[in-house]
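Engineer: generate a structure from the sequence data that follows.
(2 chains)
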Amino acid sequence: MTTAMNHVSQAPPNDNPARRSFLGWIAVVTGLVASALVAVPGVRFLVGQRRVKVPWVNLGPTTGFALNETRLVTFDNPLRLPWDGITSQTGVYVRQLGVVEKGDPQFLVLSVNCAHLGCPVSWFPQSELFLCPCHGGVYYADGSHASGPPPRGMFHVMWRIRSGELEIQAPHYPTLQDTLRQPT
Amino acid sequence: MNARLRQIGTWIDRRLGVRDLLAHTVLHPIPRELESPMGWWYVFGSASLTFLLLQILSGVGLALVYVPSADQAYESLLYLDYEHPLGWFLRALHYYAGSGMVVMVLVHMTQVFLQGGHKYPRELTWCVGVVLLLCVLGMFFSGQILRWDPDAYWGLAVAGSMAGRVPIIGPDVVHVLLGAETIGAAALSRFFALHVFVIPGALLFFLAIHLWLVLRCGVSAPPVPGQIVDRATYDRDYAESLKRGVPFFGDAFWRDALVSALAVIVVVVIAAVLGPKGPTDPPDPTLGGANPRPEWPFLWLFALLSLSPREAETFIILVFPLLVIGVMFAVPFISNRGERAPSRRPVAVLSVILIYTTLGVLTYLGFTAPWSPRMEAWTADPVPVEIVKRSTVPQLVGGSVFQYKNCRNCHALDGVGGRRGPDLTSVGTRLTRDQLIMQVSNGTPGGGLMPAYGKQISPAELSMLVDFLVSLRPEGQPAAGWATPGPSLGAQQAAEPTYAKQLPPPDAS
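Structural biologist: Next up is the predicted model:
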């Protein structure tokens, strides 16, 4: 049995070299086509992003926000997957900036994620500063960079007012090149 | 019975044909010198392998219960810890055997490097070993994510932010890493797949190559000073030495077995005594006071990142790890021949000392993380009574401004408080009133370590805060003054009485 398995005839089964090379060539091409047919959808599956219209989240009537007071507002992020559990809970810092001329008040809505490495910043109303627990990034009340390692100020969340209610664009996880300032 | 078994074995091997290979593996000759006590240096690789087996077994066990879904992972961990019989032990064992594996792989690498085992002709063995180290570290990081608590959640956030710095394709890399727009279920599933399928697959594949190379190129004999590696003669000399070699299945095998058994016992005892690690709180991103820390093999990188200037950060995140990996791959080609004995390779020995000292110091710093503010210090750490025992009212108010304006989160008093900024217990001896006003109002220029408090504090509060700060000096020590003594010095000191010297105790009257 072993001899049968190990012994391969040295003589070519077909002594037409052109035909053999053609067979090899067609096998390689067919193999490439087959690989591409698997690889293209495979890679697209891996790197692909679902296309969703970014939803708006209602944060309640604008009158619920006191003038010049920053408040952490938490909500269930509609960008969630159904099995996200508690991790879909998202926080943003909301500050009502007052009415500039007439009409609706202006708002400042900031992501909790530090612009440095994404840690959650805490708001300290006593000193009017945001402090990041990881590497000590500090921001002023308007979200601008005060000190520490962050390369920019905090990420601004898009907001709008619809019939007296404050709405924000559901925030994805913001990074330096993918901020929350998107066209609506 | 025995004959029957033998018959079955022969029947199988006639088809499988691996008996020769197994015999070759077990009985392959190794240099006779390994029978000397030097042979004890060769046990760390097999100890790493033993830990790997332990990890596979305990990992399969955990997978029987653990649910890799963001809404139930935490609950399944609690179930393992508190309800399933010995679930806590399996989790602890998996964590500490994993830690032991990192340690053993590092010790193994260090031994090989110090004794020149990476030199010709074992370059490839070393390089595959480096890949195995990366696999082990990848297992550690992905495993931490599966412990679905705030550290895992915010660990993903940090990893995402780091990936987001890749030029141009940063957002795409973040998306591939997290699998969704937000951190949650998709990211957990990705890291589960990495931890359970992808990295173990790669690890076993490269391990097979590593072991094949060990068999094929042989283990290096213990180094002898003066016996140099020369590519022209090494192979012949080595083959010659194997002719009077000893079989691996002998002292070498029993040493490996003994050390592996001891290593398992140590890890089991540690796991039983210390118990499972976490999970801490549920992974609720809105919980305040999150303070994510990487696992211990990554603390050095965390520290390096935290202590580097802002300008160097993206470099350290993106390029530096690649440089380190590149250097590790280059080691057997840079030092390819010549002496193998550590006594003749001072640069190699010094490199090892330097690397481990650096890693050790950075790991310690990463563990204490003095650059992180203490978010609760302003309410949790009282001002030491000694400091304010005899303060004037403005100084006392200044002290409460100091607490209330969260200064304490970064500045310790008497060693207690944040350590991001300097301890201010004796700042009055270092900075004058004017300098303090300047420092508090402007912070560190250019967005350095300290924010500017100019707009965060009223002029009255600033004045009393500085009253408090200049009073902070041990009794008998002079206040900070100008370098050139002039008429202003005396006036200044008179104008700023420290509580300790000038004021009688409140109850003296």
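Engineer: in the chain, which helix is the longest?
Structural biologist: Looking at chain A here, since you left the chain open. helix A:17-47 (DSSP state H).
Engineer: my question was about chain B, not that one.
Structural biologist: Chain B, longest helix under DSSP H: helix B:87-114.
Engineer: give the next helix or strand downstream of that helix.
Structural biologist: Of the helices and strands lying after helix B:87-114 in sequence (DSSP states H and E), the nearest is helix B:123-146.
Engineer: so where does B:Ala208 fall, helix or strand?
Structural biologist: Here B:Ala208 sits within helix B:199-217, counting by DSSP H and E.
Engineer: which strands and helices sit next to the longest helix of chain A?
Structural biologist: In this structure, helix A:17-47 packs against helix B:170-178, with contacts taken as 3 or more C-beta pairs under 8 Å, 6 or more residues apart in numbering or on different chains; DSSP states H and E. Quick note: C-beta positions are derived from backbone N, CA and C, even for glycine.
Engineer: related to what we said a few turns ago, list the buried ones in the helix holding B:Ala208?
Structural biologist: Of all the residues in helix B:199-217, those buried under the rule 16 or more other C-beta atoms under 10 Å in any protein chain shown are B:Ile199, B:Pro200, B:Ala202, B:Leu203, B:Phe206, B:Leu207, B:His210, B:Leu213, B:Val214, B:Cys217.
Engineer: quick check: end-to-end length of stretch B:371-378?
Structural biologist: Taking C-alpha to C-alpha, to the nearest Å, stretch B:371-378 runs 16 Å from one end to the other.
Engineer: chain center to it: distance?
Structural biologist: In terms of C-alpha atoms, centre = their mean, to the nearest Å, the centre of stretch B:371-378 is set 22 Å apart from its chain centre.
Engineer: element containing A:Ile168, please.
Structural biologist: Assigned by DSSP H and E, A:Ile168 belongs to strand A:165-169.
Engineer: run through who's touching that strand.
Structural biologist: A:54-62, A:65, A:92, A:94, A:107, A:109, A:157-161, A:180, A:182, A:184 (C-beta atoms under 8 Å, 6 or more residues apart in numbering or on different chains).
Engineer: the residues you listed in strands, which ones?
Structural biologist: Mapping the contacts of strand A:165-169 onto strands (DSSP state E) picks out A:56-61, A:92, A:94, A:107, A:109, A:159-161.
Engineer: and the residue of the stretch 1-150 of chain B closest to chain A?
Structural biologist: B:Asp71 (2.8 Å; C-beta to the nearest C-beta).
Engineer: OK, contacts around that residue?
Structural biologist: Per C-beta under 8 Å, 6+ apart, neighbours of B:Asp71: A:Trp83, A:Asp84, A:Gly85, A:Ile86, B:Ala185.
Engineer: low-confidence stretches in chain B?
Structural biologist: Scanning chain B for pLDDT under 70 picks out the ranges B:289, B:447, B:483-509.
Engineer: kindly report the same for chain A.
Structural biologist: A:1-15, A:182-184.
Engineer: show me what the helix holding B:Ala208 is packed against.
Structural biologist: helix B:44-63, helix B:123-146.
Engineer: give me the contact list for the following helix or strand past it.
Structural biologist: Per DSSP H and E, helix B:199-217 leads on to helix B:234-243 as the next helix or strand towards the C-terminus. By C-beta under 8 Å, 6+ apart, the list of residues contacting helix B:234-243 from outside reads B:Pro29, B:Ile30, B:Pro31, B:Arg32, B:Tyr120, B:Pro121, B:Gly218, B:Ala221.
Engineer: could you redo the last one with a cut-off of 6 Å?
Structural biologist: When contacts are defined by C-beta atoms under 6 Å, 6 or more residues apart in numbering or on different chains, helix B:234-243 is touched by residues B:Pro29, B:Pro31, B:Tyr120.
Engineer: contact partners of the helix or strand that it is followed by?
Structural biologist: Per DSSP H and E, helix B:234-243 leads on to strand B:246-247 as the next helix or strand towards the C-terminus. Identification of contacts with strand B:246-247 by C-beta under 6 Å, 6+ apart yields B:Leu27, B:Arg32, B:Glu35.
Engineer: can you pull the contacts of the last one?
Structural biologist: For B:Glu35, the contacting residues are B:Val246, B:Asp251, by C-beta under 6 Å, 6+ apart.
Engineer: swap the cut-off to 10 Å and go again
Structural biologist: When contacts are counted by C-beta atoms under 10 Å, 6 or more residues apart in numbering or on different chains, B:Glu35 touches B:Gly245, B:Val246, B:Gly250, B:Asp251, B:Ala252, B:Arg255.
Engineer: equivalent analysis for the first one, please.
Structural biologist: Contacts here follow C-beta under 10 Å, 6+ apart; on that basis B:Leu27 touches B:Pro247, B:Phe248, B:Phe249, B:Gly250.
Engineer: thought B:Leu203 was touching B:Val128, still the case?
Structural biologist: No. Judged on C-beta atoms under 10 Å, B:Val128 makes no contact with B:Leu203 at a distance of 11.0 Å.
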